[in-house]
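*Asks:* fold the stuff below for me.
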Amino acid sequence: MRLLHMVCLALLSTLSTSALSAVFTFTAIPDENESQLRTRFEKVALYLEKELGVEVKYVPVKSYSAAVTAFRNNQVQLAWFGGLSGVQARRLVPGSSAVAQGNEDQFFKSYFIAHKSADLIPSDSFPNLNGLTFTFGSKSSTSGRLMPQFFIERNLGKKSEDVFTRIGFSGDHSRTITQVQAGAYQVGAVNYKVWETAVENGTVDLEKVNVIWQSPAYPDYQWTVREGVDKKFGAGFKAKIEAALLGMKDPDLLKSFPRHSFVPAENADYEPIESVAKAIGLID
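*Replies:* Numbers count the residues shown, from 1 in each chain. You can find the predicted model right below:
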């Protein structure tokens, strides 16, 4: 009996040590340039490490699809996803949960921006984009592709490829701004937060490019936790993650997103995104 007791204690000690030594990893969709993302999320890693009591590592990726793949393969247990990439990831890993979103993410928007050569003026009405060139962001972006495509096709009554003479995919919002400002494309669609930050930082030449239309609001970015974190890191770990994200109050850290605060989220919040993605054929 004494031997069995000692074995049980040793097993519990091993499990506890294993949980403590496990590295908690997270990633984020690369929606802006890499240096900005690394600066932001290395700060997040330090914050989470302090709050969660385990080693935390940020894993950068090169594309939206790579972020989803890393989540699917359990290379990361947490991800800062856009609306569409979050839907894709949770479909691939049942039991995973959206747990937090920026307060602004409940009412997100896309901006359509145009080079001065397009001769388009800002309007509340959807612009006539027929015969122009257009760039989306990443193919898996919610604010840079999914919702803009939906609004284009709903308002103009035809497929995007039948509207434009040429369509591009810049890869991220920062590059969309750069390409439209340079005149490589006449019009593009961007995340409104990235645009406003770029304007605030003085990296946009408003003599060359400006906002011509703002979309209606829709749900977008969120933190999604992978199924199984309690098993790997100990009972209640998922709740600790959620509490840490919702408790993020450092003004500098929040500004880097940029968000005013984080609020609770759940999978059902993103059902409208899934419905739109199915409607335009981006997911089955």
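
*Asks:* got phi/psi on residue 220?
*Replies:* Dihedral angles of residue 220 (phi, psi; degrees, to the nearest 10) stand at phi -140, psi -110.

*Asks:* quick check: residue 89 vs residue 171, distance?
*Replies:* Noted for residue 89: a distance of 19 Å to residue 171, by CB to CB, to the nearest Å. Heads up, the C-betas are built off the backbone N, CA and C, glycines and all.

*Asks:* same question but for residue 245, I mixed them up
*Replies:* Distance of residue 245 to residue 171, computed by CB to CB: 27 Å.

*Asks:* of those two, which one has the most company?
*Replies:* Legend: neighbour count by other CB atoms under 10 Å for residue 245 and residue 171, higher for residue 245 (24 against 21).

*Asks:* need the per-residue pLDDT for residue 273.
*Replies:* We have a pLDDT of 97 for residue 273.

*Asks:* which stretches of this structure form strands?
*Replies:* Using DSSP state E, the strands found in the chain span residues 24-28, 56-58, 78-81, 97-102, 110-115, 133-136, 166-169, 187-191, 209-214, 222-225, 262-264.

*Asks:* the ones you listed into a markdown table, with extra columns for distance to residue 270 and mean pLDDT?
*Replies:* Output for those, formatted as a markdown table (distance: least, CB to CB, whole Å; pLDDT from 0 to 100):
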| stretch | distance to residue 270 | mean pLDDT |
| --- | --- | --- |
| strand 24-28 | 17 | 97 |
| strand 56-58 | 23 | 98 |
| strand 78-81 | 9 | 98 |
| strand 97-102 | 6 | 98 |
| strand 110-115 | 16 | 98 |
| strand 133-136 | 20 | 98 |
| strand 166-169 | 22 | 98 |
| strand 187-191 | 16 | 97 |
| strand 209-214 | 21 | 98 |
| strand 222-225 | 7 | 98 |
| strand 262-264 | 13 | 98 |
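
*Asks:* nearest to residue 148, out of these?
*Replies:* The closest of the strands of the chain to residue 148 is strand 187-191. By CB to CB, the value is 3.6 Å.

*Asks:* which strands and helices sit next to that closest one?
*Replies:* strand 110-115, strand 133-136, helix 173-182 (3 or more CB pairs under 8 Å, 6 or more residues apart in numbering; DSSP states H and E).

*Asks:* for the shortest one, list the C-alpha coordinates in CSV.
*Replies:* Meaning strand 133-136. The C-alpha trace of strand 133-136 is given here as CSV (Å, rounded to 0.1, in the frame of the first residue of the first chain):
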residue,chain,number,x,y,z
THR,A,133,-8.6,47.9,-60.9
PHE,A,134,-9.0,46.6,-57.4
THR,A,135,-6.9,44.9,-54.7
PHE,A,136,-8.1,42.9,-51.7
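
*Asks:* partner strands of that strand and their direction?
*Replies:* strand 166-169 (parallel), strand 187-191 (parallel) (DSSP bridges).

*Asks:* roughly how far is stretch 106-119 from the heart of the chain?
*Replies:* 19 Å (CA atoms, centre = their mean, to the nearest Å).

*Asks:* buried sites along that stretch?
*Replies:* 108, 109, 110, 111, 112, 113, 114, 115, 118 (16 or more other CB atoms under 10 Å).
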